[in-house]
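In: coords below, sequence missing:
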């Protein structure tokens, strides 16, 4: 109960703190430290670009006022103002239209007049018509821009924000009420406990008093006995002096008899009391201890109860957190006003503000009214704003029909007669038919098909086609939308494609799409499904040079060339016929060529980095199996003590297992160990010691006839040899696992059936284990299937945000390591160096972000330049010994271009295991594409076709990312002592320097990433990072050829600086680290917009401030992930308590991590709401059509509208809080003096340390 009370106290205090917390803006850092706030104010470069700037590329949009705090009354007033503006603009358009009609009528009257008018009057009339037409078009355009503006959408978002505030208030009311109820319940239980303790206390007091009373009784009995003894002594003295037979003698005898009786009774009573109080001291001590404990428990209960009552008094009353009825009325009025303005906007748009408005729109108005009616249903068949649907439909039809409203209306009427599945069949029939058709019918059908193709290229185009169909009152389901989109995209690409083979490939995709729509049971070849999935991923050609072919080539390179390079690097010079040929010498000499991420050293570091972060790996997997096998064999050997004839074999097996356990304790990974001769020697020593100990035990257990044990009798040591099997193992270079298997087989052969080992626990995993054991034994890839073996444990055990990246490559560069002209001064010398380099790296990465699990294979190229400038100050303290202090500053810049192929599977809650299995299948398809037999049809032509055929849910995209880094560093070093072993004025000399230093550096990193292709793709991601470090280093520098200066002339204090050759051994440690990162990741799922907004920090302060300010929202977010009750409701009292407990545990975890780990990143992640995504999709559709017709101005306005939505606070909602740890192992081997020639091996690891809501 005390634990429950403590938890309840924490939850209540957290709720009270959140009630007191001030609102925090979404766009600004919540809780920067005072030092950082002052520092970044002085040097703004030390903080990243504001989140608003990262989200939007439009400075005008970023500077708009944030009106998120408007009240319902203010929203209604703004609605009224917008209505007035709409009316005014409509009047302007009506006036302009009337003037245009009048001008046209006047011109027609002049042109049709009986008497010809003068040329001047006709020209003036034409000018008037032209001016009126321009004015009308301008007024129409202004009205369209007003209707397409974001004002009404933003007002709707503000209204939604008020709904969210009301929901938050209601949640707070319920939660505080439940806290109060729980506190009262606990208080009642404390009262009962208080009463129970009081009763128990009374009983203990009574028992103590009874013991005290008994003690008093025993004392009284002692006193009575003593008095009786004294009286008896006096009476006996008197009796002796009294003559026998006298009356006095008889009286004394009677008194003596009574006194004896009294003494006897007193002694009997004392004896009885003594027996009862034989443990009185112990009983009193026990009772005192129990009384003390009861008093302590009573005090604790009273304190806890008092604390709960104090907190309960601090809780606000229900009326304090309940929105007033007046606010509810304003809310209703607010929503009514918004609905009215939406209807007014839509009505005005249909009447006079669409693409056909300037050329006469009466013919199409009825069809648009029908569409508008469907869009105003509850719920609507598509969440796209109605004005965007009308604009997209009319703009597309206007472009197709040449602004012919009647022709466009026929298309809409025809679409309304049939379901969507009707038109793919018509398209196929028209493409094959040679029959004569009526020109009119053919024209309408072809217009309709062209319109379907055009909408298929627009975001959510299938939703709009569904709206226009005969089933337009119902939303489209994904199972229909995907094949429809694939069909129309393939159909359009087929019409533009000149290559016959590509056309045939697209035709197979169309056929699969049609049969998916029809629900046909017809089976297709695997490669036909691959074509369908390729088009679904946005690849409309498989011709050489196409993006599809580029992906296929890159994946082939990853599975063949990279593996062959890794194998060749570990192949001895005397190559065999089956060994892969090494690359040419010039190619091997260039570190930027012949690169692979699967080098032997890279794999070893990947095991170490992954295991250090708790990630599963083949090495850990086999280590665990070997440990289990050792334990199993030990159990078998324990049961073999009853077979004396086999003791040598059993002892040898024990010796081998003891040796293996010793290696394991020393840190050796048994999965990678192979037995060598020194292992045999160790096993023989252990065997000898074990046999000797057994003999001593036997001598001790068997004494001679006289009962003596000859344990001290000197005996000649017997020579003990390992049994043949173990001698053979020690020289066979078998892996530990193989050696254990050999021993297991040997024991099965020699042991009787009752003592044989049990069946191996890993036989069911024999295939996977054998591949892993082979990989670990060779310590490098031997064949391409080893890629699957390596990644499989990582894939199957990966968690959210886990990441493993392997990279290998090299760097080439030129540098200027010292000044060519410098001072010859014993006190001051300049420091200057410069370098320019280029690095190329091949990489493979496994990552599981929020979006889903992904694997990428590609290349990163980095162009870098840096310069160091400084001065060294100091002088000689003795001959050949100097002390110097060096002050240097380094400026560097680098830009990294990354290009890779990405495979991704979308993450669905509670289906992570299925996603992991899909990724493993995709990787296997990529690696073994030329081995796997298809289910039906011809073999796969490449890895990409295999992936697409066997993984229908895969998304394959091209990543193009750019990272630009600017670094400024300062360093203060003390070179003490600097010893020169030979005078450098006339020749080479050697120096030895111990150089401790302090450093501080700051980075600014700007990142951009976009993906092309892929059913799920990140488009336009941006991030800005500011990072600072400070630390210490200690270097030991040795220069066998030290730099020196040659005087320009005799006694000159300047001259030409010589070049030195320096070697360095050093270590460094960070003392402080700070990071702040702002990031937006827009992504598409199919053709639907979504996005994540991320803020990253190096301390938990900002995350804790986020939780405190928005606790109710985060609790509601957690409740979304919990199981509903039997009615389907998730927001239940039990779930509210469960969510609060999860959040409390998360807060405790991040407090612990802030103390235990100094390199955690604290990530606050917000996600785009579905409503905002649909609004953006509407503007994306408008933008797409504007770009197709070359209207850059309209496209720019649509982009600005998207920025406005992104910068609205109500666009975003809390999604997840994540704390992650990162580890990196980077090894550089080579030369860096004048010429830079280095080989790189990089391994990056990342794991999730804490997450809320929990997975």
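Out: Good, I have the coordinates. The structure presented is a predicted model; accordingly, all values stated were derived computationally and were not measured.
In: Show me what the helix or strand encompassing residue 124 is packed up against.
Out: Using DSSP states H and E, residue 124 maps to helix 119-148. On a contact count with 3 or more Cβ pairs under 8 Å, 6 or more residues apart in numbering; DSSP states H and E, helix 119-148 meets helix 72-111, helix 325-352, helix 386-401, helix 1192-1206. (Each C-beta comes from the backbone N, C-alpha and C, glycine too.)
In: looking at the ones you listed, which one has the lowest mean pLDDT?
Out: Note on the helices and strands packed on helix 119-148: lowest mean pLDDT is at helix 325-352, with a mean of 77.
In: Next, the buried residues of the following helix or strand past that helix.
Out: Note on helix 325-352: by DSSP H and E, the next helix or strand toward the C-terminus is helix 362-375. Residues of helix 362-375 classed as buried by neighbour count (16 or more other Cβ atoms under 10 Å): 364-365, 367-368, 370-372, 374-375.
In: what comes up buried for the helix holding residue 124?
Out: In helix 119-148, counting by 16+ other Cβ under 10 Å, buried: 125, 128-129, 132-133, 135-136, 139-141, 143-144, 146-148.
In: One more: stretch 721-735?
Out: Of the residues in stretch 721-735, 722, 725-727, 729-730, 734-735 count as buried by neighbour count, 16+ other Cβ under 10 Å.
In: circling back to that earlier point, from the buried residues of helix 362-375, which is closest to residue 475?
Out: Distance to residue 475, by Cβ to Cβ, is smallest for residue 374 among the buried residues of helix 362-375, at 10.7 Å.
In: Pull up the per-residue confidence for the closest one.
Out: For residue 374, the predicted pLDDT is 95.
In: do the same with residue 1064
Out: 66.
In: And for residue 779?
Out: At residue 779, pLDDT is 85.
In: from memory it sits against residue 606, does it?
Out: No: counting by Cβ atoms under 8 Å, residue 779 sits too far from residue 606 to count as a contact (11.9 Å).
In: Tell me which of the two has more neighbours.
Out: residue 606 (28 against 14; other Cβ atoms under 10 Å).
In: I figured the more buried one hits residue 617, correct?
Out: Yes: here residue 606 reaches residue 617: they are 7.4 Å apart, a contact under Cβ under 8 Å.
In: all helices in the stretch 701-850 of the chain, in order from the N-terminus.
Out: Remark: helices assigned in the stretch 701-850 of the chain by DSSP state H, counting those that start in this stretch are 724-732, 736-750, 766-778, 786-796.
In: Low-confidence ranges, the stretch 401-550 of the chain, go.
Out: Confidence mapping of the stretch 401-550 of the chain against pLDDT under 70 gives the ranges 434-442, 521.
In: As CSV, the buried residues of helix 362-375 with distance to residue 158 would be great.
Out: Below are these laid out as CSV (distance: Cβ to Cβ, whole Å):
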residue, distance to residue 158
364, 34
365, 32
367, 33
368, 29
370, 31
371, 27
372, 24
374, 27
375, 22
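In: Run through the stretch 151-300 of the chain and note the low-pLDDT ranges.
Out: In the stretch 151-300 of the chain, residues with pLDDT under 70: 186-187, 189-191, 193-194, 197, 200-201, 204, 275-300.
In: all helices of it, in order?
Out: Per DSSP H, counting those that start in this stretch, the stretch 151-300 of the chain carries helices over the ranges 151-241, 247-276, 280-314.
In: Looking only at stretch 791-800, what residues are buried by neighbour count?
Out: 791-795, 797-798, 800.
In: From the rest of the structure, what touches it?
Out: Stretch 791-800 is contacted from outside by 610, 615-618, 620-621, 768, 802, 804, 846, 848-850, 853, 855, 916, 919-920, 923, 1218, 1247-1248, 1251, 1255, using Cβ atoms under 8 Å, 6 or more residues apart in numbering.
In: how much space between the spatially most central residue of the chain and residue 1146?
Out: Among the residues of the chain, the one closest to the centroid is residue 801, at 2.4 Å (Cα atoms, centre = their mean). Distance, residue 801 to residue 1146, by Cβ to Cβ, to the nearest Å: 15 Å.
In: Repeat that for residue 799.
Out: For residue 799, the distance to residue 1146 (Cβ to Cβ) stands at 16 Å.
In: Wait, residue 126 touches residue 106, no?
Out: No: the criterion here is Cβ under 8 Å, and residue 126 misses it with residue 106 at 10.2 Å.
In: Skipping adjacent residues, who's closest to residue 734 in space?
Out: residue 675 (5.7 Å; Cβ to Cβ, 6 or more residues apart in numbering).
In: Please name the residues that touch that neighbour.
Out: Per Cβ under 8 Å, 6+ apart, neighbours of residue 675: 729-730, 732-736, 739.
In: right, and residue 238 touches residue 252 too?
Out: Yes: using Cβ under 8 Å, residue 238 is in contact with residue 252, at 5.7 Å.
In: Those two: which has the busier surroundings?
Out: A side-by-side neighbour count of residue 238 and residue 252, using other Cβ under 10 Å, places residue 252 first with 19 against 15.
In: Against residue 1149, how distant is the more buried one?
Out: 93 Å.
In: Kindly report the same for residue 1246.
Out: 17 Å.
In: try residue 159
Out: For residue 159 relative to residue 1149 (Cβ to Cβ), the value is 37 Å.
In: So which of the two has more stuff around it?
Out: Ranked by neighbour count (other Cβ under 10 Å), residue 159 and residue 1149 place residue 159 first, with 21 against 16.
In: Could you measure from that one over to residue 1034?
Out: With Cβ to Cβ as the criterion, residue 159 and residue 1034 are 62 Å apart.
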